[in-house]
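K.L.:
structure, please.
(2 chains)
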2 protein chains.
Amino acid sequence: MDQIYMKEAIVEAKKAYAMDEVPIGAVIVKYNTIIARAHNLREHEQLATAHAEILAINEACKQLQSWRLEGCTLYVTLEPCPMCSGASILSRVDRVVFGASDQKGGSIVSSFSMFDQQGYNHYPTYTSGVLADECASLLKDYFKEKRNKK
Amino acid sequence: MDQIYMKEAIVEAKKAYAMDEVPIGAVIVKYNTIIARAHNLREHEQLATAHAEILAINEACKQLQSWRLEGCTLYVTLEPCPMCSGASILSRVDRVVFGASDQKGGSIVSSFSMFDQQGYNHYPTYTSGVLADECASLLKDYFKEKRNKK
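P.N.:
Residues are numbered from 1 along each chain as shown, chains lettered A, B, ... in the order given. You can find the predicted model right below:
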């Protein structure tokens, strides 16, 4: 099932790519249904917080009319940054599933492990590396294309 | 000057208090002008990400029509959580000034130091403890009142 939903997150990432945004996509699933989908919109919205995960969490909160996303899984093509890992803790999603790791800013398994920090009210479980190559390829292709355009 | 702007963040926190939200407020200042102000709206908006800092950063991005908040200082009554510290890095604010420390979730000096993590594109400077007692009293009063209501 994880691969099925990650494919949907990749569909979102491709929408970002087509808009010349860094291609990262996310979906949120509850009871085997996608309740929110979003992609990175930082440049189009000129909004520092417009990462795929934040937009998906906001949409899921609206759908459920609740800030508590218990029972939900967040799928995202790239390992979340600190802002988005923090948002997954605050929104109390049950689980975070990501594709490619982010050696630089990833805050679940790479640069540090936010879910290992003490003192929060909630800790999502997580699964890494789902369709990682496909997720990473999109990012590689995007940045290669950007460099070639210069 | 820090105290003057922190007082404005406290004004925001009091608005949250009056709405029965955890009383945390924030303002963003550029060139000695407040360009954004916000307070915690998690319960009213039923939005996990509706922390004062995120709402203030979003408003500042709108005002400046840019996701880059260079030259800006974020004033907030409570030490930021990981989501909000992460957002301050991503939005490239020059500086974060906070009032009370948050031993549990604070991610600048308390539970851990996000600004000491390696690998980000930007590191805000920070100042802690500005009008800390006043900021902390608001929170203490709020939670005391909540307990007494039960």
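K.L.:
all helices for chain A, in order.
P.N.:
A:2-18, A:42-45, A:52-64, A:82-90, A:132-149 (DSSP state H).
K.L.:
how about those helices, which one is nearest chain B?
P.N.:
Across the helices of chain A, chain B has its closest neighbour in helix A:82-90 (3.1 Å, Cβ to the nearest Cβ). Every C-beta, even on glycine, is put in place using the N, C-alpha and C of the backbone.
K.L.:
most tightly packed of the helices of chain A?
P.N.:
When those are scored by mean count of other Cβ atoms under 10 Å in any protein chain shown, the highest mean neighbour count falls to helix A:82-90 (a mean of 29).
K.L.:
tell me the helices and strands packed up against it.
P.N.:
helix A:52-64, helix B:82-90 (3 or more Cβ pairs under 8 Å, 6 or more residues apart in numbering or on different chains; DSSP states H and E).
K.L.:
between the lowest-mean-pLDDT helix or strand in chain A and helix A:2-18, how many degrees?
P.N.:
Taking mean pLDDT, DSSP states H and E as the measure, chain A has helix A:132-149 as its least confident helix or strand, at a mean of 95. Counting by axes from the mean of the first three to the mean of the last three Cα atoms, to 10 degrees, helix A:132-149 lies at 10 degrees to helix A:2-18.
K.L.:
can helix A:132-149 be found next to chain B?
P.N.:
No. Residues of helix A:132-149 are not located near chain B by Cβ under 8 Å from any Cβ of the partner chain, the shortest gap being 14.5 Å.
K.L.:
could I get that helix in CSV with only the CA atoms?
P.N.:
Taking C-alpha atoms only, helix A:132-149 is exported to CSV below (Å, rounded to 0.1, in the frame of the first residue of the first chain):
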residue,chain,number,x,y,z
ALA,A,132,13.3,6.3,-3.1
ASP,A,133,15.0,6.1,-6.5
GLU,A,134,12.0,7.5,-8.4
CYS,A,135,11.6,10.3,-5.9
ALA,A,136,15.3,11.2,-6.0
SER,A,137,15.5,11.0,-9.8
LEU,A,138,12.8,13.7,-10.1
LEU,A,139,14.9,16.0,-7.9
LYS,A,140,18.1,15.2,-9.8
ASP,A,141,16.5,15.8,-13.2
TYR,A,142,15.1,19.1,-12.0
PHE,A,143,18.3,20.5,-10.6
LYS,A,144,20.3,19.2,-13.7
GLU,A,145,17.8,21.0,-16.0
LYS,A,146,18.1,24.2,-13.9
ARG,A,147,21.9,24.1,-14.1
ASN,A,148,21.7,23.6,-17.9
LYS,A,149,19.4,26.5,-18.3
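K.L.:
other residues contacting it?
P.N.:
Residues outside helix A:132-149 that contact it (Cβ atoms under 8 Å, 6 or more residues apart in numbering or on different chains): A:6, A:9-10, A:13-14, A:17, A:22-24, A:77-78, A:98-101.
K.L.:
which strand residues sit across from the residue most central in space within chain A in the sheet?
P.N.:
For chain A, the residue nearest the mean C-alpha position is A:Val76 (3.1 Å; Cα atoms, centre = their mean). In this structure, A:Val76 bridges to A:Ala26, A:Phe98 when assessed by DSSP bridges.
K.L.:
my read is that it contacts A:Ala26, right?
P.N.:
Yes. Using Cβ atoms under 8 Å, A:Val76 makes contact with A:Ala26 at a distance of 4.2 Å.
K.L.:
give me the common contacts of the two.
P.N.:
Joint contacts of A:Val76 and A:Ala26 (Cβ under 8 Å, 6+ apart) are A:Ala9, A:Ala52, A:Glu53, A:Ala56.
K.L.:
farthest pair within those residues?
P.N.:
Largest separation among these by Cβ to Cβ: A:Ala9 and A:Glu53, giving 10.0 Å.
K.L.:
what's the overlap in contacts for these two?
P.N.:
In contact with both A:Ala9 and A:Glu53: A:Ala26, A:Val76, using Cβ under 8 Å, 6+ apart.
K.L.:
distance of the residue nearest to the centre of chain A from A:Ile28?
P.N.:
As defined by Cβ to Cβ, to the nearest Å, A:Val76 lies at a distance of 9 Å from A:Ile28.
K.L.:
quick revisit: how about JSON lines for the helices of chain A, with distance to B:Arg42 added?
P.N.:
Converted to JSON lines, the helices of chain A look like this (distance: least, Cβ to Cβ, whole Å):
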{"stretch": "helix A:2-18", "distance to B:Arg42": "26"}
{"stretch": "helix A:42-45", "distance to B:Arg42": "22"}
{"stretch": "helix A:52-64", "distance to B:Arg42": "10"}
{"stretch": "helix A:82-90", "distance to B:Arg42": "8"}
{"stretch": "helix A:132-149", "distance to B:Arg42": "31"}
